[in-house]
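**Student:** Let's see this in three dimensions:
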Amino acid sequence: MTFTISDAAYRTDTPDAKQTMYADLRSQLQGLVAGESDMTANSANFSALLFNSMPDLNWAGFYFLQGDELVLGPFQGKPACIRIKKGRGVCGTAVERGETVVVPDVHAFPGHIACDVNSRSELVAPVRRHGVVVGVLDLDSPRPDRFDAVDAEGIQTLVKIFEATLESNQ
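**Tutor:** Residues are numbered from 1 along each chain as shown. The predicted structure follows:
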């Protein structure tokens, strides 16, 4: 396995800058997961890649469904809530809707679960295996309005790379 992790200081002030960042992250993630089908290993490296590459993040990680709860998976950042009910908070809402949820101000989100009081905005993308939601990728930022439609699209593209490793893991 060979891969290169960029030390680039990415800008996110324009859509073009974000698209450049996501193009770089795509190639880095593809290198990280190439030939590896273990969900824990790939989700750990994926969250580390995002946390250490994307500006203005204070948490990046996964929650995976067990019954009607999301259970904490690999992550980077401060200790987090361990279990979240489906339909609760931003993560549970993303599972219930089956779509990416972008929250510009978490304090204005009904039922927000504050695992880190410093978080101000959040992006949560569902993770699917064989078309069924099995978890979420959760990104938190201490900056309000950190995430937008360009981020949602970029993260969804990265999640699809991760999902391909789940499909190959029968």
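**Student:** for this structure, what spans make up the strands?
**Tutor:** For the chain, the strands defined by DSSP state E occupy 59-66, 69-77, 83-85, 101-103, 121-129, 132-141.
**Student:** any chance of the ones you listed in a markdown table, plus mean neighbour count?
**Tutor:** C-beta coordinates here come from the backbone N, C-alpha and C atoms, glycine included. A markdown table is the format used below for the strands of the chain (neighbours: other CB atoms under 10 Å):
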| stretch | mean neighbour count |
| --- | --- |
| strand 59-66 | 21 |
| strand 69-77 | 19 |
| strand 83-85 | 16 |
| strand 101-103 | 22 |
| strand 121-129 | 23 |
| strand 132-141 | 23 |
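**Student:** Just put those strands in TSV and tack on mean pLDDT.
**Tutor:** Written out in TSV, the entries for these read as follows (pLDDT from 0 to 100):
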stretch	mean pLDDT
strand 59-66	98
strand 69-77	98
strand 83-85	95
strand 101-103	96
strand 121-129	98
strand 132-141	98
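**Student:** I'd like to know which of these lies nearest to Phe147.
**Tutor:** In this view, these are compared for proximity to Phe147 by CB to CB, and strand 121-129 is the closest at 4.1 Å.
**Student:** Just list what that closest one packs against, helices and strands only.
**Tutor:** If you count contacts as 3 or more CB pairs under 8 Å, 6 or more residues apart in numbering; DSSP states H and E, strand 121-129 packs onto helix 89-97, strand 101-103, strand 132-141, helix 149-167.
**Student:** Name every strand pairing with that strand and say which way it goes.
**Tutor:** The partner list of strand 121-129 in its sheet, established with DSSP bridges, is strand 101-103 (antiparallel), strand 132-141 (antiparallel).
**Student:** Which among the ones you listed is found nearest to Val117?
**Tutor:** Ranking the strands paired with strand 121-129 by proximity to Val117 (CB to CB) places strand 132-141 first, at 11.0 Å.
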